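# Show me the folded form of this:
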Amino acid sequence: MIDLHSHILPGIDDGAPDLAASLAMAEQSVAVGVSHMVCTPHIHQSYFDNNIDSISQAYQSLVEHLAQVGCPLKLSFGAEIRITPDIMIWHKQGKIPFIGRWQNKDVMLLELPHSHIPPGTDNLLRWLLKNDIQPVIAHPERNRDIIANPDKINPLKRAGCLFQATAGAFTGRFSEAVKETVGILLAREVITYVASDTHSVNRRPNDMAQAFIEVAALKDKEYAERLFKQTPWLISQGNLWQ
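Numbers count the residues shown, from 1 in each chain. Sure, this is the predicted structure:
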């Protein structure tokens, strides 16, 4: 499986605190069937002020560490970017770490607040697409506006956005409301792909294997293959894997 959302890089956000934790997460991910993983630390102003340089340094350190211990997990890096108008400035400055390519556009993993969909989100999405950036909304099933009314996702879809569901939403790692919402989005065929959003071995482990089983049961195995393998590979096949 190809995992396009993880917080495995050591010491730069709320994921792995150090290299030992990163290694444990890598081994656990391999054990559940993940072969390739995009490292996507947070870029969230005033909380996690990461940039391409800080992410690249942590990434290279982890790549070297995994090679030393013989872990077969292949890595590339991007970021999970909290929505802000500054994204437009960052793009003009060449400061956006993308997670891959989709239909000749760079793919940005975009995070909404959990509390709501900010006014003007659809306008930002259209601006991104106009500037050859394909936005992917991370874990829409955990947004309270969408939980309260799944139809709230429709304007984002009409704007041209893609959507990444979290594996743990299918396995019940979050609330029952989140599990119900992700089931609705799956039934409506809104979800583009599934990723782990893993943060740790115990608190937020990689749930990709069990989620694959759940999705295959709700839809079918062919559909699960598309969400866990085929579409993520199409997005990331041009990445520099190490």
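# okay, now residue 144: neighbour count?
For residue 144, the neighbour count with other Cβ atoms under 10 Å is 16. Where you see a C-beta, it was placed from the backbone N, CA and C, and this is true even at glycine.
# my guess is it contacts residue 117, does it?
No. Residue 144 is beyond contact range of residue 117, at 9.2 Å (criterion: Cβ atoms under 8 Å).
# and for the helix ranked longest in the chain, what are the contacting residues?
Counting residues, the longest helix in the chain under DSSP state H turns out to be helix 52-69. Under the criterion Cβ atoms under 8 Å, 6 or more residues apart in numbering, residues 8-12, 19, 22-23, 26, 39, 41, 73, 75, 77, 79, 95, 97, 242 lie in contact with helix 52-69.
# just stretch 235-242 next, same as before
With contacts defined as Cβ under 8 Å, 6+ apart, stretch 235-242 is touched by 2, 4, 36, 38, 63, 74-76, 99-102, 107, 193.
# List the contacts of residue 25.
Per Cβ under 8 Å, 6+ apart, neighbours of residue 25: 6, 8, 15, 16, 198, 200, 201, 205, 206.
# so how far is residue 6 from it?
Distance of residue 25 to residue 6, given as Cβ to Cβ, to the nearest Å: 8 Å.
# which neighbours do these two share?
What both residue 25 and residue 6 touch, as defined by Cβ under 8 Å, 6+ apart, is the set 15, 198, 206.
# rewinding a little: just put the contacts of residue 25 in CSV and tack on secondary structure, pLDDT and distance to residue 122.
CSV is the format used below for those (DSSP: H, G, I helix; E, B strand; the rest coil; pLDDT from 0 to 100; distance: Cβ to Cβ, whole Å):
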residue, secondary structure, pLDDT, distance to residue 122
6, strand, 98, 28
8, coil, 98, 31
15, coil, 97, 29
16, coil, 98, 34
198, strand, 98, 29
200, coil, 98, 34
201, coil, 97, 37
205, coil, 98, 34
206, coil, 98, 32
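# and which of these is nearest to residue 170?
residue 206 (12.9 Å; Cβ to Cβ).
# who's in contact with that closest one?
Residues in contact with residue 206 (Cβ under 8 Å, 6+ apart) are 3, 6, 25, 28, 29, 32, 34, 167, 196, 198.
# and these, which of them are in helices?
25, 28, 29, 167.
# Next, count neighbours for the last one.
This points to residue 167. Residue 167: 29 surrounding residues under other Cβ under 10 Å.
# isn't it right next to residue 196, touching?
Yes. With contact defined as Cβ under 8 Å, residue 167 reaches residue 196; the gap is 5.0 Å.
# what touches both of these two?
206, 207, 208.
# Tell me the one of the residues you listed nearest residue 181?
Closest approach between the shared contacts of residue 167 and residue 196 and residue 181, by Cβ to Cβ: residue 207, at 16.4 Å.
# Please identify the nearest residue in space to that closest one, excluding sequence neighbours.
residue 167 (4.0 Å; Cβ to Cβ, 6 or more residues apart in numbering).
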